[in-house]
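[1] the sequence isn't on hand, but the structure is:
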């Protein structure tokens, strides 16, 4: 049966072929521009397949495919990988949805690559041994691949686990009022319309808790104020219409809802949000208890629309965090899938309203 995958899944194979063909990967800045004088030579790419583990070693101008114990299976000029990568990029740009690419699959099979997604830990899409020219050290790193070839990549997926619960205070709403507000279903901005209807009645949303205890504990482990900060980000998005994390953080800094001592202009909100984004990018998942260790300990590889691949190496943590912070934005997820944006009457007759936290990279 032919392999089928979407743009993002085929992009993992494109990354493998492109990196082996070029033999190095350039660092990128926060605006997705290549930094000309900063690149990492690739020593080897390690891939785990159902049939076994294979190493793709760069040697002179060849790619040598080996078993983990060093037995040579195949040697191919690196230029062949670049040609196949260009074919794959062209094909990916011509397709939508899930699709098969038989000619690409023939080449994949010839190089012991039989699946679109290699077996890996949750956040790691590719494992590479890179040479750091500054430290002169070769290090095995796991990277997460983010592609611009399809839609915007998800940094933190929406689910029921990412629901934030708010109490509705300052107003009495009858069952008829609740039913009327919950039935508001415009084609766009359903959440905003329902929140505005609550406000018109005189209601105020007061943050109560993160619904899922696992996600709540993960956030508290990162920073005890993060649940409240995210709650304020969600409310600020509704109030201002702003969705980028950078702008929302600026607004919170100005309003200072957590009453930090800002006499010395310490960037409390920016720092804590960057810490959250980095953790979500490299290891933390909402519904899984997190140990604090990063799976994708190398960072991100970003595949741009033109096929260029940029490396955001965790060793350059400031640059990596600036990239995330400059490109992250809040997106409203499906209200039907994740049970939020409706007024719920609790057993004690208090009224609750949920907002959902989802982050994408533009």
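    On my side now, so go ahead. Since the model is a prediction, treat every value here as computed from it, not as a measurement.

[2] is residue 42 in a bridge, and if so with what?
    With DSSP bridges as the criterion, residue 42 is bridged to residue 130.

[3] determine how far stretch 104-115 lies from the middle of the whole chain.
    Counting by CA atoms, centre = their mean, to the nearest Å, stretch 104-115 is centred 27 Å from the centre of its parent chain.

[4] make that stretch 87-104, sorry
    Its chain's C-alpha centre and that of stretch 87-104 lie 23 Å apart, by CA atoms, centre = their mean.

[5] first vs last residue of that stretch, how far apart are they?
    Terminal residues of stretch 87-104 lie 8 Å apart, using CA to CA, to the nearest Å.

[6] which other residues reach it?
    If you take CB atoms under 8 Å, 6 or more residues apart in numbering as the criterion, stretch 87-104 is touched by 2-7, 10-11, 13-14, 17, 84, 149, 307. (Glycine included, C-beta is placed from N, CA and C.)

[7] then stretch 285-296?
    Stretch 285-296 has contacts (CB under 8 Å, 6+ apart) with 121-125, 142-144, 156-157, 159, 161-162, 212, 214-215, 217-218, 221, 279, 281-284, 314.

[8] now the buried members of the residues you listed.
    123-125, 142-144, 156, 159, 161-162, 212, 215, 218, 279, 281-284, 314 (16 or more other CB atoms under 10 Å).

[9] helices along the stretch 201-350 of the chain, start to end?
    Using DSSP state H, counting those that start in this stretch, the helices found in the stretch 201-350 of the chain span residues 213-222, 226-240, 245-255, 268-282, 317-327, 335-338.

[10] by mean pLDDT, show me the worst of those helices.
    When the helices of the stretch 201-350 of the chain are compared on mean pLDDT, helix 335-338 scores lowest, with a mean of 79.

[11] how far does that one sit from the chain's center?
    Put simply, helix 335-338 sits 20 Å off its chain's centre (CA atoms, centre = their mean).

[12] now stretch 265-283
    Its chain's C-alpha centre lies 14 Å from the corresponding centre of stretch 265-283 when counted by CA atoms, centre = their mean.

[13] which residues outside that stretch are in contact with it?
    Residues outside stretch 265-283 that contact it (CB under 8 Å, 6+ apart): 122-123, 144, 155-156, 219, 222-223, 225-226, 229-230, 233, 245, 249, 252-253, 258, 260, 262, 290, 292-297, 299-300, 314, 317, 320-321, 324-325, 328, 359.

[14] where's residue 197, which helix or strand?
    Residue 197 belongs to helix 190-200 when assigned by DSSP states H and E.

[15] highest neighbour count among the contacts of stretch 87-104?
    Using other CB atoms under 10 Å as the neighbour test, those are led by residue 11, with 28 neighbours.

[16] and residue 53, how many neighbours does it have?
    If we define neighbours as other CB under 10 Å, then residue 53 has 15 of them.

[17] ok, the one 10 residues further on next?
    By the criterion of other CB under 10 Å, residue 63 has 23 neighbours.

[18] tell me who's in contact with it.
    With contact set as CB under 8 Å, 6+ apart, residue 63 has these partners: 20, 56, 57, 75, 76, 77, 78, 81.

[19] residue 22 now?
    Contacts of residue 22 were listed using CB under 8 Å, 6+ apart, and they are 42, 78, 82.

[20] go again using 6 Å as the cut-off
    Contacts for residue 22 (CB atoms under 6 Å, 6 or more residues apart in numbering) come out as none.

[21] and what of residue 301?
    With contacts defined as CB under 6 Å, 6+ apart, residue 301 is in contact with 143, 145, 309, 311.

[22] re earlier: give the buried residues for the helix holding residue 197.
    For helix 190-200, by 16+ other CB under 10 Å, it's 190, 191, 192, 194, 195, 197, 198.

[23] name the nearest residue to the third one, sequence neighbours excluded.
    So that's residue 192. Closest residue to residue 192 apart from its sequence neighbours, by CB to CB, 6 or more residues apart in numbering: residue 238 at 6.0 Å.

[24] try residue 140
    residue 129 (5.0 Å).

[25] residue 46 is in contact with that neighbour, correct?
    No - the pair residue 129 and residue 46 does not pass the contact test of CB atoms under 6 Å, sitting 7.2 Å apart.

[26] for the stretch 1-150 of the chain, give me the ranges with low pLDDT.
    Scanning the stretch 1-150 of the chain for pLDDT under 70 picks out the ranges 118-122.

[27] all the strands of it, residue numbers only.
    Using DSSP state E, counting those that start in this stretch, the strands found in the stretch 1-150 of the chain span residues 24-28, 34-49, 52-59, 62-66, 72-77, 126-132, 137-147.

[28] output the ones you listed as JSON lines; include the columns distance to residue 173.
    Shown next, in JSON lines, are those (distance: least, CB to CB, whole Å):
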{"stretch": "strand 24-28", "distance to residue 173": "49"}
{"stretch": "strand 34-49", "distance to residue 173": "55"}
{"stretch": "strand 52-59", "distance to residue 173": "60"}
{"stretch": "strand 62-66", "distance to residue 173": "66"}
{"stretch": "strand 72-77", "distance to residue 173": "68"}
{"stretch": "strand 126-132", "distance to residue 173": "51"}
{"stretch": "strand 137-147", "distance to residue 173": "42"}
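
[29] what residue is smack in the middle of the chain?
    By CA atoms, centre = their mean, the chain has its centre lying nearest to residue 155, at 2.0 Å.
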